[in-house]
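Asks: Please work out how this folds:
(2 chains)
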2 protein chains.
Amino acid sequence: MIHTRILGIDTSLRSTGVGIVESQGSKMIPIYYGVIKTKSGHPLSDSLLHLQSELEKVIIEHQPQVVAVEGIFFARNVKTAMLLSHARGALIAECAKKGLSVYEYEPRKVKMAVAGYGAAKKEQMQEMVKTLLHLEKKPPHDAADALALAITHLHNSTSIRLNAIKPI
Amino acid sequence: MIHTRILGIDTSLRSTGVGIVESQGSKMIPIYYGVIKTKSGHPLSDSLLHLQSELEKVIIEHQPQVVAVEGIFFARNVKTAMLLSHARGALIAECAKKGLSVYEYEPRKVKMAVAGYGAAKKEQMQEMVKTLLHLEKKPPHDAADALALAITHLHNSTSIRLNAIKPI
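Replies: Predicted coordinates for the structure are as follows:
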């Protein structure tokens, strides 16, 4: 039986969710989840370094084989989007450094894959992630979103759409 | 005599300029300049990793003590600004990993410091950088902008404004 470990990352400058799910045949097993926090008021460079080094620890400890991140398809607030992009750049670079391919999924697609509804709310996503992975309690929002990304990638990579998705 | 080596980085996803200037008393000595190119059509993750690893080589070889980057104060095109921010995030994280403080300067301030004119054109900046650093030929645009950032930081850090600038 092929075991595939997916690392989902809900990228953010202040609160990045990470979640690892392993597929064992038709089963999905939760391996790890957590949130990497950075402090506001600290230099941006410190925050980016902290994101990279905490992510590195997770990758080394849990050895995922592939990464799923959220696509950026919005720009409600340009400043926020640019800060998020700094964090995303540092995190994606760290994944590449570890030899991992990175795939991106639209938020709507993640909601569809996990909750069956493209406009699902955060609470619904937490509940669905808890149910799908048989967790004892709801993971924090950001970690739930990361686990949802990993689940979405598993759904896609085991479907006929495998050849249609390309790493970013 | 205190020697200070400044690494200027003109961040970009496709063509990042780097330039190192050393102050030796009142003199400014050019140490190195170059451009880190990435290929379009390749995965974003590969480009970010390439930027980080090429920058790492420059830092290891030339041992700068501090870094100057351009501040992002524009958003003509949100998509472009977000891609630039990915590159900037990866590059700033690499500097932080090497223990370097990163300072940012508004483009207008860099032009003022180097050309004495806040709306100086790229060609004027190349000419002024060549003159100020006694280079034999004009550096490429992106490298000239990087050297200009290093010169700007030297101007600022040796002035009474030292305490007014903070790393990002």
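
Asks: Now residue A:150: which helix or strand?
Replies: Element membership of residue A:150, judged by DSSP states H and E, is helix A:141-157.

Asks: Which elements pack onto that helix?
Replies: strand A:3-10, strand A:15-24, strand A:27-37, strand A:66-70, strand A:101-105, helix A:107-115, helix A:122-132 (3 or more Cβ pairs under 8 Å, 6 or more residues apart in numbering or on different chains; DSSP states H and E). Glycine gets a C-beta too; all of them are placed from N, C-alpha and C.

Asks: From residue B:151, how far out is the residue lying farthest from the centre of chain A?
Replies: The outermost residue of chain A, judged by C-alpha distance from the chain's mean C-alpha position using Cα atoms, centre = their mean, is residue A:41 at 25.4 Å. As for residue A:41, its distance to residue B:151 is 30 Å (criterion: Cβ to Cβ, to the nearest Å).

Asks: and what of residue A:149?
Replies: Between residue A:149 and residue B:151 the distance is 44 Å, computed by Cβ to Cβ.

Asks: Pull out the buried residues from whatever helix or strand residue A:47 lives in.
Replies: Here residue A:47 sits within helix A:44-62, counting by DSSP H and E. With burial defined by 16 or more other Cβ atoms under 10 Å in any protein chain shown, the residues of helix A:44-62 counted as buried are A:44-52, A:54-55, A:58-59.

Asks: overlap between those and the residues near chain B?
Replies: Among those, proximity to chain B is found for A:44-46, A:48-49, A:51-52 (Cβ under 8 Å from any Cβ of the partner chain).

Asks: Of those, just say which sits nearest to residue A:78.
Replies: Relative to residue A:78, the closest of those is residue A:44; by Cβ to Cβ it sits at 16.4 Å.

Asks: mind listing what the closest one touches?
Replies: Going by Cβ atoms under 8 Å, 6 or more residues apart in numbering or on different chains, residue A:44 touches A:13, A:83, A:86, B:92, B:102, B:168.

Asks: ok, now residue A:21?
Replies: A:5-6, A:8, A:28-31, A:133, A:147, A:150-151, A:154.

Asks: What parts of chain A come near chain B?
Replies: Counting by Cβ under 8 Å from any Cβ, the residues of chain A lying close to chain B are A:43-46, A:48-49, A:51-53, A:72, A:75, A:78, A:81-90, A:92-97, A:101-102, A:166-168.

Asks: rerun that using 6 Å as the cut-off
Replies: Where chain A comes near chain B, counting by Cβ under 6 Å from any Cβ of the partner chain, the residues are A:43-45, A:48-49, A:52, A:75, A:78, A:81-82, A:85-86, A:88-90, A:92-93, A:96-97, A:102, A:167-168.

Asks: Please pick the buried ones from these.
Replies: Applying a neighbour-count criterion of 16+ other Cβ under 10 Å, the buried members of those are A:43-45, A:48-49, A:52, A:81-82, A:85-86, A:88-90, A:92-93, A:96-97, A:102, A:167-168.

Asks: my read: residue A:106 touches residue A:72, true?
Replies: No - under the criterion of Cβ atoms under 6 Å, residue A:106 is not in contact with residue A:72, lying 9.5 Å apart.

Asks: With neighbour numbers in mind, choose between these two.
Replies: Ranked by neighbour count (other Cβ atoms under 10 Å in any protein chain shown), residue A:106 and residue A:72 place residue A:72 first, with 20 against 15.

Asks: what about that one, distance to residue A:56?
Replies: Counting by Cβ to Cβ, the gap from residue A:72 to residue A:56 is 23 Å.

Asks: hmm, back to that, pick the most buried one from the helices and strands packed on helix A:141-157.
Replies: strand A:66-70 (a mean of 25; mean count of other Cβ atoms under 10 Å in any protein chain shown).

Asks: Tell me which strands it pairs with, and in which orientation.
Replies: strand A:3-10 (parallel), strand A:101-105 (parallel) (DSSP bridges).

Asks: So which of the ones you listed is nearest residue A:124?
Replies: Among the strands paired with strand A:66-70, the nearest to residue A:124 by Cβ to Cβ is strand A:3-10 (15.7 Å).

Asks: So what touches that closest one?
Replies: When contacts are defined by Cβ atoms under 6 Å, 6 or more residues apart in numbering or on different chains, strand A:3-10 is touched by residues A:17-24, A:64-69, A:91, A:142, A:145-147, A:149-150, A:153-154.

Asks: Also stretch A:58-73?
Replies: Residues beyond stretch A:58-73 that count as contacts (Cβ under 6 Å, 6+ apart) turn out to be A:4-9, A:11, A:18, A:20, A:31-32, A:95, A:98, A:100-104, A:106-107, A:149-150, A:153.
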